[in-house]
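Visitor: Sequence below, structure please.
(chains A and B)
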Amino acid sequence: MEELFNNHEKLVQKANLAQSIKATQACIDKLTSSRNAIAANPKSASLTLAKLQNDTMGDFDLITKELKDVYKGQGSYSKALEKKFKDKPLPTSDYDALSSHPTLINRAIAMHLLREGQFSVASTFVQEASLNSSGDEMDVVSSSQQTPERKLGADSLDSEALRKQFANMHNVLEELRNRNLLPAIEWARANSKALETRGSNLEFELGKLQFIHLFLGGSSFNDTRDIWEGQQNALEYARREFDRFQNRYLREIQQLIGAMAYSPNLKHSPYRRIFCNDDAWEELGNTFMREFCSLLGLSADSPLYVAATAGAIALPTLLKLQTIMKEKRTEWTTQHELPVTIHSIMIEVIIV
Amino acid sequence: MAELTTTKLNAESHLLLDQPLLRLPHEVARRNFKTVQKHVERERDVVLSSLKSTANASLTGQDPEQSIASLDTMISRMQGLKRKMESLHDQEKKLHQQSRKRIQHLTDLYEIPSLADVKYDDWSKIRLNRLMVDYLLRCGYGESAKALAKEKDIEDLVDLDVFVQCHAVEESLRRRSTTECLAWCVEHRPMLKKIESNLEFELRLQQYIELRRNEKVIEAKQHAQKFIIPQIDIRQPDTSRAAGIMAYSPTTRAEPYKTMYSQSRWNSLADLFVKTHHELFSLPPRPLLHIALSAGLSALKTPSCHSKYASSTANASSSTTTVCPICSTELNELARKLPYAHHTKSNVENDPVVLPNGRLYGRDRLFEMSAKVGLADGFVKDPTTSELFNNGEIRKVYIS
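Guide: From the prediction side, this is the model:
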């Protein structure tokens, strides 16, 4: 990359149009001063013009020379690019099994934008995509029957309902980032049954963090001012809320309450790991997102992201395969299976 | 552990998708430069020759006022040239800025040691956004592309202007207008010649067909004289067909004239233009997102993804895992059309047991899970189907 960078810097610093513009200005200056000289002394006209003719020729030669430097600079950057990508041919379109399914890709993109919380981009996209396809697919179905979603190929996708769901998800996540657990707790309670079926600890984990948050006075654990009040609030919260968790999480609850004995010296207590864990918020946010998507029947990570990334990782292998098959003129006998293993750990890395 | 080495990031081979990222701004910069050269050459010829004739006229006793007037014309021409150069220089600076950011973006990849690194995740997200913008632009969804690029702050890493211009010309052809595309051809004539493009000829042929369609026989003949007959040596059999069409009316059923009259010829022209345009700018003919996705889907897909039996990874109420990305609604239909990679390694729990419903689980994990959901002792729950079973019904299985 360094060679590329250096070659390009030469263009930025030196081999650009700045010099030839300067030479052009010099040419203009000479023309102007000759013009003024003739105006001041009309008798000198012939002599001045004869000299000017020579000068201007020289000026243009200079401009051309400066341009040549730009040309050379571009040439060597071209060469550096060539070298960099010599052994990296663009994959040929043999792989493009997707071009006949634009609506499916559009749908995947729309869902990706929603799940990423890009609501305004998503709505622009839904609009644009539905406008466009009405022109192209007029022959197939009369366009008046089609809702925008349908034209996006989103038969099974109610994009408005999905938008609301994801808006809610991002709202909860945003609140979590602001250290407000209540919307998350509310959601977990509303979906308590489904979460329990999945064996998820999310609801309890949220309650636990709320307890810790109150315990620490809603501020950082170095602050000792409100420590007594914080403990009271936490205890009250535990009495009010933890009853429902008694069966499944008795041990954890006992731990939480037991920690009170170590206050205000929690930092040096065996409970340090439970109480002084700043990552807990982020981890819980991730768990929340995972559970939220699972209940919608969607994977936790964006499939578009996972697939595109896996694709970028797998491409060198697939290209090699393509080359070998071409060279040996062999064909893989099973039509639906590729003769390569793309190491599973690589895929696990992305999914996990 | 040996397996960890496979997560090593080899940036060099990872750049397969990124060639156009650097190529395009460079191609545009080169085109920019050629425009400057053209302007300079033209002004050089004009100014030098008019300077020569002014000097000669002055020698033969021309009024100095006349000479001053000619000089004023030359000065204003040169100022015009300088203005043009300056505006192209601004373009150049913008392009350099873009290229520099792009080189930096690729250099970042070289500094990430492992695929498991958080930084790779970030980088890869930027790449996905780039690929999506590229896809949106190619589909003509300019507004969405702009909005996404702006929101993600990657405007220097994507090529909004080039694609928007390309799409405008493409659309004009689909609206059955040749004006915009012909102007584009004139602007790029030297490069089109170099790749031996037939785009301009095809446009002229279309104009000719339209004249014939509208019974403007005289204009059609003049048009042919000017644009089609000169190509007679290199564009056979098209030129003969063009001559032949004079004898057939637009409603003819005789081939190849029927095809030539067909309105779908406009769409072919639009496709030809896009193909030529992308070739000229070193852009791949297909969206890079397609390439990445189809490779990725094949790599991730397993035979169970489209199996009619409920799989543990396709089931939202399953507690074993989250939903697998291929089974998730977004890509499931797309993945169905693609082959899957050969998975030689399968992960089987080392203490497998079978439930009465025929499902296999790891014994320890099954018990752990059942305890976690608060089941009474002596019972287990199938995490996929939520059925309850008595411990006595579980049987150990041996893999042979």
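Visitor: CA only for contacts and neighbour counts going forward, please
Guide: OK.
Visitor: Excluding sequence neighbours, find me the nearest residue to the residue in chain B positioned nearest to chain A.
Guide: Closest residue of chain B to chain A, Cα to the nearest Cα: B:Gly296 (3.4 Å). Spatial nearest neighbour of B:Gly296, excluding adjacent residues (Cα to Cα, 6 or more residues apart in numbering or on different chains): A:Gly311 at 3.4 Å.
Visitor: Return the distance of the one you found relative to A:Glu291.
Guide: Applying Cα to Cα, to the nearest Å, the value for A:Gly311 to A:Glu291 is 26 Å.
Visitor: what's the answer for A:Arg273, then?
Guide: Noted for A:Arg273: a distance of 24 Å to A:Glu291, by Cα to Cα.
Visitor: neighbour count winner among those two?
Guide: Neighbours were counted for A:Arg273 and for A:Glu291 using other Cα atoms under 10 Å in any protein chain shown; A:Glu291 has more, 24 against 12.
Visitor: measure the more buried one to chain B for me?
Guide: A:Glu291 sits 8 Å away from chain B, going by Cα to the nearest Cα, to the nearest Å.
Visitor: That residue belongs to a strand, doesn't it?
Guide: No. Going by DSSP: H, G, I helix; E, B strand; the rest coil, the assignment for A:Glu291 is helix, not a strand.
Visitor: quick one: furthest residue from the center of the chain?
Guide: All of this refers to chain A. Distance to the chain centre peaks in chain A at A:Lys43, reaching 72.5 Å (criterion: Cα atoms, centre = their mean).
Visitor: Switch to chain B, please.
Guide: Residue farthest from the centre of chain B, counting by Cα atoms, centre = their mean, is B:Gly61 at 64.0 Å.
Visitor: all helices in the stretch 1-150 of chain A, in order from the N-terminus.
Guide: A:2-13, A:18-40, A:45-85, A:102-115, A:119-136, A:148-151 (DSSP state H, counting those that start in this stretch).
Visitor: how close does A:Lys10 get to A:Pro303?
Guide: Applying Cα to Cα, the value for A:Lys10 to A:Pro303 is 42 Å.
Visitor: Compare neighbour counts for these two and give me the winner.
Guide: A direct count of neighbours by other Cα under 10 Å for A:Lys10 and A:Pro303 places A:Pro303 higher, at 28 against 16.
Visitor: can you pull the contacts of the more buried one?
Guide: Counting by Cα atoms under 8 Å, 6 or more residues apart in numbering or on different chains, A:Pro303 makes contact with A:112, B:325-326, B:328, B:330-331.
Visitor: In helices, which of those fall?
Guide: Here DSSP state H is the test, and the contacts of A:Pro303 give A:112, B:330-331 as lying in helices.
Visitor: Format those as TSV; extra columns: neighbour count.
Guide: Rendered in TSV, the data for the ones in helices among the contacts of A:Pro303 read as follows (neighbours: other Cα atoms under 10 Å in any protein chain shown):
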residue	neighbour count
A:His112	19
B:Glu330	26
B:Leu331	23
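Visitor: where does the stretch 1-150 of chain A have low pLDDT?
Guide: Low-confidence segments of the stretch 1-150 of chain A, defined by pLDDT under 70: A:91-96, A:132-150.
Visitor: about what we covered before: look at the residue nearest to B:Gly296 and report its pLDDT.
Guide: Looking at A:Gly311, its pLDDT stands at 88.
Visitor: In terms of helices and strands, where is it?
Guide: Assigned by DSSP states H and E, A:Gly311 belongs to helix A:303-328.
Visitor: and that helix, how far from the chain's centre?
Guide: Mean-position distance between helix A:303-328 and its chain equals 22 Å (Cα atoms, centre = their mean, to the nearest Å).
Visitor: Name the residues of it that are buried.
Guide: Across helix A:303-328, burial judged by 16 or more other Cα atoms under 10 Å in any protein chain shown covers A:303-316, A:318-319.
Visitor: Closest residue of chain A to chain B?
Guide: Nearest residue of chain A to chain B, counting by Cα to the nearest Cα: A:Gly311, 3.4 Å away.
Visitor: ok, that residue touching B:His290?
Guide: No. When contacts are counted by Cα atoms under 8 Å, A:Gly311 is not listed as touching B:His290 (9.7 Å).
Visitor: Assumed the residue farthest from the centre of chain B was part of a helix.
Guide: No. Judged by three-state DSSP, B:Gly61 forms no part of a helix; its state is coil.
Visitor: May I have the predicted confidence score for it?
Guide: So B:Gly61 comes in at 84 (pLDDT).
Visitor: Please determine how far it is located from A:Ile38.
Guide: For B:Gly61, the distance to A:Ile38 (Cα to Cα) stands at 14 Å.
Visitor: cool, and B:Ile68?
Guide: Taken as Cα to Cα, the span from B:Ile68 to A:Ile38 is 7 Å.
Visitor: show me what contacts the residue positioned nearest the centre of chain B?
Guide: Chain B has B:Pro287 as the residue nearest its centroid, 3.7 Å off, counting by Cα atoms, centre = their mean. Going by Cα under 8 Å, 6+ apart, B:Pro287 touches B:131, B:134-135, B:138.
Visitor: Kindly recompute the last result at 10 Å.
Guide: A:93, A:96, A:98-99, B:131-139 (Cα atoms under 10 Å, 6 or more residues apart in numbering or on different chains).
Visitor: A:Ala310 versus that one, what's the distance?
Guide: Taking Cα to Cα, one finds B:Pro287 at 17 Å from A:Ala310.
Visitor: for B:Phe227, same thing?
Guide: Taking Cα to Cα, one finds B:Phe227 at 51 Å from A:Ala310.
Visitor: what's the answer for B:Thr276, then?
Guide: Per Cα to Cα, B:Thr276 is found 31 Å from A:Ala310.
Visitor: Near chain A, which residues of the stretch 151-300 of chain B are found?
Guide: Applying Cα under 10 Å from any Cα of the partner chain, we find that the stretch 151-300 of chain B lies next to chain A at B:151-152, B:283-300.
Visitor: Any quick PyMOL command for the buried ones out of the residues you listed?
Guide: Here is the PyMOL command that selects the buried residues among those (16+ other Cα under 10 Å):
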select buried, chain B and resi 283+284+286+287+288+289+290+291+292+293+294+295+296+297+298+299+300
